[in-house]
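[1] Here's a sequence, model it:
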Amino acid sequence: MPIKTQSDLPAKEILENENIFVMDENRAMHQEIRPLQILILNLMPVKQDTELQLLRALSNTPLQVDITFMMMDTHVSQNTSSNHLNKFYTVFKEVRHKNFDGLIITGAPVEQIEFEEVDYWEELCEIMDWSKKHVTSTFHICWGAQAGLYHHFGMKKELLSEKVFGVFEHKVMNRKEALVRGFDDYFLAPHSRYTCVNDDQIHACEDLLILAESEEAGVLLVMTKDGKQVFIMGHLEYDRVTLQDEYNRDVQKGLDIAVPKNYFPQDDPANRPKLQWRAHCNNLYSNWLNYYVYQVTPYEL
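    Coordinates of the predicted model:
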């Protein structure tokens, strides 16, 4: 899938070096098809890393995708330069009158804070309510998934006794759904979180379908029956070294953090991690874009 970005977005050069088709505005103007309009609400502190990960994940179908990055208007980012944000990001009040084919709500490092205590919670709730009428399908990631399940279904999160941290095996639970089309029976996915939504709550909800689950890490992938809301508790979009960077950061801070499970060969942080989830990541995002966005979105937004 050609990803359309601004010509000077830093992630563009990195993606091109990975042999990923990235289209700038000039070439996109000559495409005689309607591209998909995807809005990414990036709640992560180092936004450039998440930009690169998500653009890479969205780049594997033959459709053109126009990306709009959005940040919270009620929160000041401390880890991304204001120049980058002013140049590449919009805020909700500037797009609320528009419709989008898809919306991605990322995770955020605020999971140990109560939802209502997060400084941008009211704005996020407004965006999630707006998405019901203005977005064909919304894809929630990690804390974004927990926030979505709480807001839409009243499911509370729980603080875990130990961080779910590492790469875990998951079983496909409902192969008939197009979101997991092409998946193996079992696949690996990274997790990095201190909280969870109790699996029993999810299993008991008749409006939700569980598509992938792990004996160690719990429910990974769940969606509403109409496909308008998708929730993933892990991070299939993560790079090879993302968990390594998180581990090293916490070690440097002097935190009591365990080595991520099933990640470093021989569980030795000196060894280069194996990348074992990229194919299923690409498959997941391609399936979402094709079957839950492109196939059901109107031509005239």
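
[2] Show me what Ile105 bridges to in the sheet.
    On the basis of DSSP bridges, Ile105 is bridged to Leu41, His140.

[3] Look at it and report its pLDDT.
    pLDDT for Ile105: 98.

[4] what's the answer for Gln64, then?
    For Gln64, pLDDT reads 86.

[5] and the gap between the spatially closest residue to it that is not a sequence neighbour and Ile257?
    Leaving aside its sequence neighbours, Gln64 sits nearest to Pro35 (C-beta to C-beta, 6 or more residues apart in numbering; 3.8 Å). Just so you know, the C-beta spots here come from the backbone N, C-alpha and C atoms, and that holds for glycine as well. Relative to Ile257, Pro35 is positioned 42 Å away (C-beta to C-beta, to the nearest Å).

[6] Contacts for the lengthiest helix in the chain next, please.
    Counting by DSSP state H, the longest helix found in the chain is helix 121-134. Contacts to helix 121-134, defined as C-beta atoms under 8 Å, 6 or more residues apart in numbering, come from residues 41, 72-75, 92, 96, 98-100, 103, 105, 115, 118, 138, 147-148, 151-152, 228.

[7] Counting neighbours, what do you get for Gln266?
    Residues lying near Gln266 (other C-beta atoms under 10 Å) number 6.

[8] Could you do Val251 as well?
    There are 13 residues near Val251, going by other C-beta under 10 Å.

[9] ok, of the contacts of helix 121-134, which come out buried?
    For the contacts of helix 121-134, a burial check counting by 16 or more other C-beta atoms under 10 Å picks out 41, 72, 75, 92, 100, 103, 105, 115, 118, 138, 147-148, 151-152.

[10] Next, work out how far apart Trp273 and Gln295 are.
    For the record, residue 273 is Pro, not Trp. 35 Å.

[11] Between those two, which has more neighbouring residues?
    Neighbours were counted for Pro273 and for Gln295 using other C-beta under 10 Å; Pro273 has more, 20 against 11.

[12] part of a strand, is that one?
    No - assessed with DSSP: H, G, I helix; E, B strand; the rest coil, Pro273 is coil; it does not lie in a strand.

[13] Okay, now the unreliable bits of the stretch 51-200 of the chain?
    Low-confidence segments of the stretch 51-200 of the chain, defined by pLDDT under 70: none present.

[14] ok, which stretches of it are helices?
    Ranges of helices within the stretch 51-200 of the chain are 82-88, 92-95, 121-134, 143-153, 199-204, based on DSSP state H, counting those that start in this stretch.

[15] quick one: which of those helices is nearest Ile232?
    With C-beta to C-beta, the closest approach to Ile232 among the helices of the stretch 51-200 of the chain belongs to helix 143-153: 5.8 Å.

[16] related to what we said a few turns ago, starting at the chain centroid, how far to the longest helix of the chain?
    Put simply, helix 121-134 sits 17 Å off its chain's centre (C-alpha atoms, centre = their mean, to the nearest Å).

[17] For it, buried residues please.
    Within helix 121-134, the residues that count as buried by 16+ other C-beta under 10 Å are Trp121, Glu123, Leu124, Cys125, Ile127, Met128, Ser131, His134.

[18] Kindly report the same for stretch 45-53.
    Lys47, Gln48, Asp49, Thr50, Glu51, Leu52, Gln53.

[19] Going by distance to Tyr186, which of those wins?
    Set against Tyr186, the nearest of the buried residues of stretch 45-53 by C-beta to C-beta is Gln53 (23.2 Å).
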